[in-house]
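> Got a sequence here, can you build the structure:
(chains A and B)
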Amino acid sequence: MTLLKAAVSYIRYLAVLIAAIAFGIVLDMENSDHFRSDQRLQLIESNNEFQSALERAINEKILITEGIMAAFASRPDMSRREFERVTSQLIRNVENVINVAAAPDLVIEYVYPFAPNQAALGLDLRERADLMDAVERSIATGETIIDGPIDLVQGGRGFVTRSAVFGYYSNSFENQFWGVVSLVIDADGLFETAGLAVENLDIAYVVQDRDGRILSGSSEVLFMDPVSTSVIAPGVNWTLSMVPSGGWPALPPDRYQIWFIVLALAALVMVLMRVFQWVVDRKDAAETQLSEAIEALDDAFALYDKSGRLIMCNQRYKALYPTSAELMVPGARFEDILRRGVETGQYPLSKGREEEWIAERVAAQRNPGEMLEIKLSDGRWLRVVERATPSGSVAGLRVDITELKEAVARSEAANAAKTEFLNTVSHELRTPLTVVLGYNAFLKKPDSLPNFKKTQNRLAIKDFDGAQESLESFKADLEKFSRQIDVSGRQLMGLISGILDMAAIDEGTLQLHSDRLELEPIVDELVEQFQLAASKKGIDIIVETGAHEVLADPLRLRQILLNLIGNAVKFTDSGTVTVRTGSDGGQTWVEVEDTGCGIAPDQIDQIFERFVQVDASNSRKHDGVGLGLPIAKHLAELHGGTIKVRSVEGQGSVFRVELEAPQRERGAAAR
Amino acid sequence: MSELKTILHVDDDDDILEIARMALEMVDSFTVHQFNNGSAALENINALAPDLLLLDIMMPGMTGPDLWEQIKARPDCPEIPTIFMTAKAEDSLSQDLLNTGALAVITKPFDPMSLGAQIRSAWSLLEEA
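Okay, the predicted model is just below:
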């Protein structure tokens, strides 16, 4: 999970980096395009400036030509001096004009400046085919033709203008050809005047004529995607092409800054993502730790907001309320969850007053502080502890106190049983004690008895027969008192012995002296003890014994059987009590069956528990402290045997003692 | 308050009935009517018109307090001062009986020679009231 999370995190960073690079590339391309466009625009502006300058320089020369032409048109026979004066005036302050010539009828007769050019005088242009082409085109078109550049005799290169001059001469109405005016222009000077062909120029250029011939500049410019404009002047149709000196810059100068900004932004975004991820991770870690801590609790936990809506709870909380657990999602209302629980019978204490119970519980949840104890339908008890947080939420713990409740109940039941036991013991001690002390009080003062007084009175009157009779009655009284004292004393002895036996059993100090015993005589002896009591109640004791032996302590065996037979007689008002013996496998058993009141099914498991009286009320029918059966059971178990019971309430019970048979008995049983 | 002469005594133990009868009749010369169960006492109480009831608390079927309640509930039966006898150790029931009008609660075993004096002492408290 952690690896996957880390991988996702790194993929995010990679995506940001890729996006930044893509953005940088687009931005770089846009910037480069913009830069190149800007460069081109600037060069176009420069190009236009150069073009204008060049056109101005050419036109300036054309104007000189036309001025001279105008002079000859008006004065065809102008003298050379006048020619020089006019020409010098026209070219004053004009650069790059090397010389001016005029050839009436195509024969050079005028030159300026005169001295360096006088050799040209008399030259018939018709004899120079190389010059006539431009002359003829000028004559044909009537326009100035610029020819060149040509290598000049005096050095350098120059352009030569040829302008045919027409005029109306000798009062003729016909426009007649006069001749040709020529200007020789310093080619390099012309381009320098236009700002081209100078040193330290930050552009590279080329000027071509209409035939593509290079007039100035470098032909390499043509292969460098130049900016081009046309230079148009009379007789001129050139192309001026330019590129930045050294060619177009490949990259805009701020490219690295842009990349730096883009990557810095990407880095900033990644840092912010890392910080955000750190915050989220911290928050997730805190939530995870809180959630784990809550799940680690032994108790159920739930947190509700101040409007009673669930924020979080642990699994134990859901497990406590299975029928409403499906509603326990964040945002669920406490009242809705509670109502579902009430509707599904989760809260038995709400039965019959559901709405009132819900209202009370919701009110308690909204005003937490008091500890509640709630019983669930599965029998569990919960202690509900709810506290308000400073923000108004309610944090609640549900502690399962079922064991505590059961322990308290057991403790209370045990205390109640002990109290009942003490009361019963008290009653069972004090009642025979009352008899003992009561009869004994009269024995101590026999003269208070009527028969004693009667005897005295009869002796006094010498009624000896009557005295003998009353003395016999007095003796019978004394015998009766003595007998009842004896019976009560035995009851007390039995009770005290029972208590001491139980104490010895608890301390483990009760010793058995087991021996091989014949069961039949013991059963007969014990039954005989109860015959009188049985006959008084009108019930029969039936004995069904055989020659069975048992390995037991004779005193304790008698105690066990005495208790069982005594109980059978005590709890049977009519019918029979049957005592039977037998052997089965390695065991010898004695059953005592009665037709008495029987034991209710829900009480049958309690009859062997000490301090627990099936009927310990003030209206109970039978006496005894309830120690007889527990002691009998313990004694049987000390012998390695057991006592079992089956009973039908209202019909009677069967108690069966199973004890270890001696070796011979086992063999007989096996046979 | 009239003189104490007749006592109706109910206890399920025959020996205790015998001892109490001897104590109250022979030692103190009361007229004592005895029953070993509450039902028989209820049947005869009006005819016997005792001055005092001496009731054992713990009896099978109908307890002494049950009998007392039934006697008090009978419209044809006058209110009769009642003393209970008990062999139990618990104080709470005795205190409840005293709080609800019992004259005294005598704890067994009692001394037959002073039982009449105990009863007269309780009766005298009634006269003082």
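
> contacts, neighbours, all on C-alpha from now
Fine.

> buried ones in the longest helix along chain B?
Looking across chain B with DSSP state H, the single longest helix is helix B:112-128. Applying a neighbour-count criterion of 16 or more other C-alpha atoms under 10 Å in any protein chain shown, one finds B:112-113, B:115-116, B:118-119, B:122-123 buried in helix B:112-128.

> Can you give me the buried ones in stretch A:16-25?
Counting neighbours by 16+ other C-alpha under 10 Å, stretch A:16-25 gives A:16-17, A:20-21, A:24 as buried.

> can you tell me the helix or strand for the residue positioned nearest the centre of chain B?
Residue closest to the average C-alpha location in chain B (C-alpha atoms, centre = their mean): residue B:54, at 0.8 Å. Element membership of residue B:54, judged by DSSP states H and E, is strand B:52-56.

> same check, this time on residue B:96
Residue B:96 belongs to helix B:91-99, assigned by DSSP H and E.

> For that helix, C-alpha coordinates in CSV please.
Presented in CSV, the C-alpha positions along helix B:91-99 are these (Å, rounded to 0.1, in the frame of the first residue of the first chain):
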residue,chain,number,x,y,z
ASP,B,91,-34.4,-8.3,63.0
SER,B,92,-36.1,-6.7,60.0
LEU,B,93,-39.3,-8.6,60.2
SER,B,94,-39.6,-8.1,63.9
GLN,B,95,-39.0,-4.4,63.5
ASP,B,96,-41.6,-4.3,60.7
LEU,B,97,-44.2,-6.0,62.9
LEU,B,98,-43.5,-3.6,65.8
ASN,B,99,-43.8,-0.7,63.4
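
> show me the contacts for residue 117.
Just going to use chain A. A:99, A:111 (C-alpha atoms under 8 Å, 6 or more residues apart in numbering or on different chains).

> wait, I meant chain B there
Applying C-alpha under 8 Å, 6+ apart, no residues contact residue B:117.

> Buried residues of stretch A:125-143, list them for me.
So for stretch A:125-143, counting by 16+ other C-alpha under 10 Å, buried means A:125, A:134-139, A:143.

> Which of the residues you listed sits closest to residue A:29?
Using C-alpha to C-alpha, residue A:143 comes nearest to residue A:29 of the buried residues of stretch A:125-143, at 50.3 Å.

> how far away is the closest one from chain B?
Separation of residue A:143 from chain B (C-alpha to the nearest C-alpha, to the nearest Å) stands at 153 Å.

> Same check on residue A:587?
Distance, residue A:587 to chain B, using C-alpha to the nearest C-alpha: 40 Å.

> and if you look at residue A:446?
12 Å.

> Can you tell me the closest non-neighbouring residue to that residue?
residue A:452 (6.7 Å; C-alpha to C-alpha, 6 or more residues apart in numbering or on different chains).

> just residue A:294 next, same as before
residue A:314 (6.2 Å).

> my read: that neighbour touches residue A:303, true?
No. The pair residue A:314 / residue A:303 is not scored as a contact, 9.5 Å apart, by C-alpha atoms under 8 Å.

> show me where chain B has strands.
Here chain B has its strands, by DSSP state E, at B:6-10, B:31-35, B:52-56, B:82-86, B:104-107.

> Nearest to chain A, out of the ones you listed?
strand B:82-86 (7.8 Å; C-alpha to the nearest C-alpha).

> Mind giving me the packing neighbours of that closest one?
If you count contacts as 3 or more C-alpha pairs under 8 Å, 6 or more residues apart in numbering or on different chains; DSSP states H and E, strand B:82-86 packs onto strand B:52-56, strand B:104-107.

> Output those as a markdown table; include the columns distance to chain A and mean pLDDT.
Shown next, in a markdown table, are the helices and strands packed on strand B:82-86 (distance: least, C-alpha to the nearest C-alpha, whole Å; pLDDT from 0 to 100):
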| stretch | distance to chain A | mean pLDDT |
| --- | --- | --- |
| strand B:52-56 | 10 | 96 |
| strand B:104-107 | 9 | 94 |
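
> hey, which of these is tucked in deepest?
strand B:52-56 (a mean of 25; mean count of other C-alpha atoms under 10 Å in any protein chain shown).

> Can you give the distance of that strand from its chain's centre?
1 Å (C-alpha atoms, centre = their mean, to the nearest Å).

> And for stretch A:14-22?
With C-alpha atoms, centre = their mean, you get 30 Å for stretch A:14-22.

> Quick check: mean pLDDT of that stretch?
The pLDDT scores in stretch A:14-22 average 91.

> Count the residues that sit near residue 72.
No chain in the question, so chain A it is. 22 (other C-alpha atoms under 10 Å in any protein chain shown).

> that answer is for a different chain, and I need it for chain B
Around residue B:72 there are 14 residues (other C-alpha under 10 Å).

> Apart from its neighbours in sequence, what residue is nearest it?
Per C-alpha to C-alpha, 6+ apart, closest to residue B:72 is residue B:79, 6.5 Å.

> Return the per-residue confidence for the one you found.
The predicted local confidence for residue B:79 is 87.

> same question, residue A:532
pLDDT, read off for residue A:532, is 90.

> Ok, residue B:1 next?
pLDDT, residue B:1: 61.

> just to revisit the earlier point, which ones, among the buried residues of helix B:112-128, also lie beside chain A?
B:112-113 (C-alpha under 8 Å from any C-alpha of the partner chain).

> now the buried residues of helix B:112-128 as CSV including pLDDT?
Putting the buried residues of helix B:112-128 into CSV (pLDDT from 0 to 100) gives the following:
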residue, pLDDT
B:112, 92
B:113, 92
B:115, 94
B:116, 93
B:118, 93
B:119, 94
B:122, 92
B:123, 92
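
> Just the closest of the buried residues of helix B:112-128 to residue A:79, please.
Nearest to residue A:79 among these is residue B:122, at 188.4 Å by C-alpha to C-alpha.

> May I ask you to confirm that that closest one is in contact with residue B:103?
Yes. The pair residue B:122 / residue B:103 is scored as a contact, 6.4 Å apart, by C-alpha under 8 Å.

> And the next helix or strand past the helix or strand that contains residue A:484?
Using DSSP H and E, residue A:484 sits within helix A:464-507. Sequence order places strand A:515-518 as the next helix or strand after helix A:464-507, per DSSP H and E.

> picking up where we left off before, nearest to chain B among the buried residues of stretch A:125-143?
For the buried residues of stretch A:125-143, the nearest to chain B is residue A:143 (153.2 Å; C-alpha to the nearest C-alpha).

> what's the strand or helix carrying residue A:7 packed up against?
Using DSSP H and E, residue A:7 sits in helix A:2-74. Packing partners of helix A:2-74 (3+ C-alpha pairs under 8 Å, 6+ apart): helix A:80-91, strand A:157-167, strand A:176-186, helix A:187-193, strand A:227-233, strand A:236-244, helix A:255-296.
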